[in-house]
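> here is my input, please return the structure:
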Amino acid sequence: MDPTTPDVLALPTVSEVLDLPVLRRGKPRVVAGASGLDGRVRWVHVAEIADIAPLLSGGELVLTTGIALPEEPAELARYVDGLAAAGACGLVVELVRRWRDRVPDALVDAAHRHDLPLVTLSEETKFVSVTEAVVARIRDAQLAELRATHAIHETFTALTTSGAEPASVLREASRLLERPVVLETMAHQVLAYDAAGQDPVALLSDWSERSRAVVQSGRTCYDPERGWLTTVVGARGDDWGRLVVLGPEPAHRHVVVAERAASALAVNRLVTRDRESLERQTHRTLITELLSGGADTADLAARAAGVGVPLDGPLVGIAVRPHTTTTPAPALETQQALRDLAEATALAARRARLPVLVGVVDDVTVHAVVVLSDVDADAALHRLAADVRRSAALPLVIAVGTEVASIAGARRTLTEAAQVAEAALHVDDGTRAFHRLDDVRLRGLLHLLRGDERLTAFAERELGPILDDQRLLDALRALCRHGGNKSAAAASAHLSRTAYYGQLARIEQLLGVPLDNPESLVSLHVALLTRDMHQE
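Take a look at the predicted model:
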């Protein structure tokens, strides 16, 4: 489907045309191609010549008395072949002047072969009246479509000029479409959605994987296999998201709504960016260049000093992001929420008297570079994190990168903080003010790699023979938790040493590895953690 073409649903079907009073008076009878009666009629063409096919452009209902059609069956079949090849939607023959009771079998057989509706009229019919009636019907339908399109434009123009937030735009789009609508980043992360009354959990289940399977072809396209209408969201050459409408093949009206909603979202982002303080815009630019790693550090240091953040002492990167893994509330990750978090982080740093660069450079995280000269770093970071949490209206994950000596290491500490924040989403229990790399450790690394099929295959290969035996899995888990200390593991499992050692022996027999080998135990521990992670 090309979603930019005119809406075929605005055109009457062949069946609807035959039901018009002017044609009903002719006593129409479908003699072939009944399966094609749902075809759309783009125009009505009166033709009394046999070589009419080259003059057609598709979608025409051809009306004829047959007076100029050939006698030979092969020529009649060729005539119908030409109509079908040209895309005609049907052939109506008046049985008055050429044929009285029925049309030749050659016409009927050819029409059957192409599923081309062949209709006979047993009464004399004014073709000009048929043309007028059908054209009026087409004109009325297109006028109704035009009015509906105008109403859609007015609705989204009002939303745009009023500065409506993404949630309002999606709510209105979903209402007009009566379908779920999802706004996602180019990295296939959900920013906001309206489920149109459907179950949000089911709507967003495995979203990233499903979204990656839908390849964007052009600005707006439809994937019929998955039922996804997608349109790119962005402006000024900066495409930052994709609007997804889920449902059966869309009409032109659906495409108009999706594209206007995407435009409103793009304008909203531009306007809200313009509303950011000059300080935040400058900080965002500096952080983006630090993350790119290709900028001149001396130039960056001079520019940062110019906005009051001298990057000439020990630095740490900080990542702050909404904790949204446990609820289907991705609207919390909208740009507005992140801008609020950025302002809260900057204010907390000022209160702690810490020079800081703070900016939102993607759609999920607030990044910051904090200067730690002449302060107790750990105490200062705890105060900063506590202040940000108090100011935020939503659960947060805060991560801190490794301290670096100068601006040369800023990219490393910023990247590390972002990676720790991503991993901490899955191990955070709400007890830590912030997370460091040491806190997420092996579990954090495995969560970062959780989408890698090789990790899953490794776990299944390591544990394969005991995967269905929960008793043995629990025994192995206890041994791993106690670092290979069998006595402590037996006590934690509330088993006698004899019984527990018997289970370990059975594990060694089934897996074919010695459990007193440190490398084997580490491999099995990683496999257990991977299995447990996928069952969370």
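
> quick one: contacts for residue 212?
Taking C-beta atoms under 8 Å, 6 or more residues apart in numbering, we find residue 212 in contact with residue 188. In this view, the C-beta of every residue, glycine as well, is placed from N, C-alpha and C.

> quick one: pLDDT of it?
In the predicted model, residue 212 carries a pLDDT score of 90.

> correct me, but residue 381 touches residue 400?
Yes: under the criterion of C-beta atoms under 8 Å, residue 381 makes contact with residue 400 at 5.9 Å.

> find residues that contact each of those two.
Any residue near both residue 381 and residue 400 by C-beta under 8 Å, 6+ apart counts here, and that gives 316, 318, 434.

> how about the second one: what's its closest non-neighbour residue?
Distances taken as C-beta to C-beta, 6 or more residues apart in numbering put residue 368 closest to residue 318, at 4.1 Å, once the chain neighbours are dropped.

> could you look up the SS state of that neighbour?
strand (DSSP: H, G, I helix; E, B strand; the rest coil).

> could you check how far it is from residue 295?
Going from residue 368 to residue 295 by C-beta to C-beta, to the nearest Å gives 18 Å.

> same check on residue 28?
Going from residue 28 to residue 295 by C-beta to C-beta gives 75 Å.

> more neighbours: the two, which one.
The neighbour comparison of residue 28 against residue 295 (other C-beta atoms under 10 Å) goes to residue 28, with 19 against 15.

> in this structure the more buried one contacts residue 94, no?
No: the criterion here is C-beta under 8 Å, and residue 28 misses it with residue 94 at 10.0 Å.

> need the residues touching each of the two.
120-121.

> helices and strands of the chain: which one has the lowest mean pLDDT?
Using mean pLDDT, DSSP states H and E, helix 437-448 stands out as the lowest-scoring helix or strand of the chain, at a mean of 70.

> quick one: list the elements packing against the helix or strand following it.
Next helix or strand after helix 437-448 toward the C-terminus (DSSP states H and E): helix 453-463. With contacts taken as 3 or more C-beta pairs under 8 Å, 6 or more residues apart in numbering; DSSP states H and E, helix 453-463 sits against helix 518-534.

> average model confidence for the helix it packs on?
In this model, helix 518-534 has a mean pLDDT of 83.

> what ranges do the strands span in the stretch 301-450 of the chain?
315-322, 356-360, 366-371, 396-400 (DSSP state E, counting those that start in this stretch).

> quick check: the gap between the closest residue to residue 67 other than its chain neighbours and residue 88.
Distance criterion C-beta to C-beta, 6+ apart; nearest residue to residue 67, sequence neighbours excluded, is residue 98 at 4.9 Å. Per C-beta to C-beta, residue 98 is found 19 Å from residue 88.

> cool, residue 58 as well?
Distance from residue 58 to residue 88, counting by C-beta to C-beta: 7 Å.

> more crowded one of those two?
A direct count of neighbours by other C-beta under 10 Å for residue 58 and residue 88 places residue 88 higher, at 28 against 10.

> list the contacts for that one?
53, 56, 58-62, 116.

> ok but it is inside a helix, no?
No: counting by three-state DSSP, residue 88 falls outside a helix, being coil.

> how near is it to residue 137?
With the distance defined as C-beta to C-beta, residue 88 ends up 18 Å from residue 137.

> I'd say residue 183 and residue 190 touch.
Yes: at 7.4 Å, residue 183 counts as touching residue 190 under the criterion of C-beta under 8 Å.

> between those two, point out the one with more neighbours.
Between residue 183 and residue 190, residue 183 has the larger neighbour count (other C-beta under 10 Å), namely 26 against 22.

> so what's the more buried one bridging to?
Per DSSP bridges, the residues bridged to residue 183 are residue 192, residue 243.

> how far away is it from residue 249?
From residue 183 to residue 249 the distance is 22 Å (C-beta to C-beta).

> and for residue 359?
The value you get for residue 359 to residue 249, if C-beta to C-beta is used, is 42 Å.

> the more surrounded of those two?
Of the pair residue 359 and residue 249, residue 359 is the one with more neighbours under other C-beta under 10 Å, namely 26 against 11.

> contacting residues around the more buried one?
Going by C-beta under 8 Å, 6+ apart, residue 359 touches 280, 283-288, 342, 366-368.

> so where do the helices sit in the stretch 101-250 of the chain?
Secondary structure of the stretch 101-250 of the chain by DSSP state H, counting those that start in this stretch: the helices cover 105-114, 127-161, 166-177, 200-204, 207-212.

> give the buried residues for the fourth one.
Spelled out, that is helix 200-204. Buried residues in helix 200-204, counted by 16 or more other C-beta atoms under 10 Å: 203-204.

> if we can go back for a sec, narrow the contacts of residue 88 to just the buried residues.
Buried members of these, scored by 16+ other C-beta under 10 Å, are 53, 56, 59-62, 116.
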